[in-house]
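Peer 1: A structural model of the following input is requested.
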Amino acid sequence: MKSPTLQTVVIAIVFTIIAYIVTFVVAVNSVTIASLVFISAFLAPLFTGNASVNTLSSTSTSSASKATASDEEVRTLYVGNLPYRANETSVRELFAEYGSVHSVRLMKDKHTGKRRGFGFVEMAATDLDKAIVALNDTEFQQRTLKVREAKERPERPEESTQD
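Peer 2: Numbers count the residues shown, from 1 in each chain. Got it, this is the predicted structure:
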């Protein structure tokens, strides 16, 4: 979730002040005030131009079709044979030398929480080939990286529950 801009905060405060004034001047019931405050939370981004900002992140969306604010195409790289001690920051710094990095996800075992030795890096599509050529089969923290464009994850059939 992105932090609100100063303009968004100011507009939310203005709506709150209006609700406060309406409470004491007009003496309306508390349901009306709660409604005004609730509505102001949705109206503030409309006035600041941030209405399209999603507050929930989705991990199931295809990163190949995502676009940043500058309409830059983002694509995903698979990075294999990562050292288990590598973290998102070190991987981001490594790939940032070759282009604009949008996100880094290092996969962990869901039961133990330990890293699995691979991950995904989202980069600007224009920088993808440069990063692949520069980093594939190179050593990083004493491991030889395998870097290639990520394949689209196939849809898994729904698991049926058996009683």
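
Peer 1: which residues of this structure fall in strands?
Peer 2: 74-80, 101-108, 115-124, 139-140, 143-144, 146-149 (DSSP state E).

Peer 1: Show me where this protein dips below the pLDDT cut-off.
Peer 2: Under the criterion pLDDT under 70, the flagged ranges of the chain are 1-5, 19-71, 158-163.

Peer 1: Try it again at 50.
Peer 2: Filtered on pLDDT under 50, the chain yields the residue ranges 1, 50-69.

Peer 1: tell me the domain boundaries of it?
Peer 2: 6-48, 63-149 (automatic domain parsing).

Peer 1: Pick the most deeply packed of these.
Peer 2: Highest mean neighbour count of the domains of the chain: domain 63-149, a mean of 15 (counted as mean count of other C-beta atoms under 10 Å). All C-beta atoms are positioned from the backbone trio N, CA, C, and that covers glycine.

Peer 1: which residues does residue 10 contact?
Peer 2: By C-beta atoms under 8 Å, 6 or more residues apart in numbering, the contact set of residue 10 is empty.

Peer 1: returning to that earlier point: in JSON lines, list the domains of the chain along with distance to residue 157.
Peer 2: Listed next are the domains of the chain as JSON lines, based on distance: least, C-beta to C-beta, whole Å:
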{"stretch": "domain 6-48", "distance to residue 157": "38"}
{"stretch": "domain 63-149", "distance to residue 157": "20"}
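
Peer 1: Nearest to residue 155 among the ones you listed would be which one?
Peer 2: domain 63-149 (15.2 Å; C-beta to C-beta).

Peer 1: before we move on, the earlier item: let me have the strands of the chain in CSV, extended by distance to residue 131.
Peer 2: Below are the strands of the chain laid out as CSV (distance: least, C-beta to C-beta, whole Å):
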stretch, distance to residue 131
strand 74-80, 6
strand 101-108, 9
strand 115-124, 6
strand 139-140, 12
strand 143-144, 16
strand 146-149, 7
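
Peer 1: among these, which is nearest residue 89?
Peer 2: Of all the strands of the chain, it is strand 101-108 that lies closest to residue 89, at 8.2 Å by C-beta to C-beta.

Peer 1: Sheet partners, orientation included, of that closest one?
Peer 2: As defined by DSSP bridges, the strand partners of strand 101-108 come to strand 115-124 (antiparallel).

Peer 1: Tell me what angle the strand it pairs with forms with strand 74-80.
Peer 2: Orientation of strand 115-124 against strand 74-80 (axes from the mean of the first three to the mean of the last three C-alpha atoms, to 10 degrees) gives an angle of 150 degrees.
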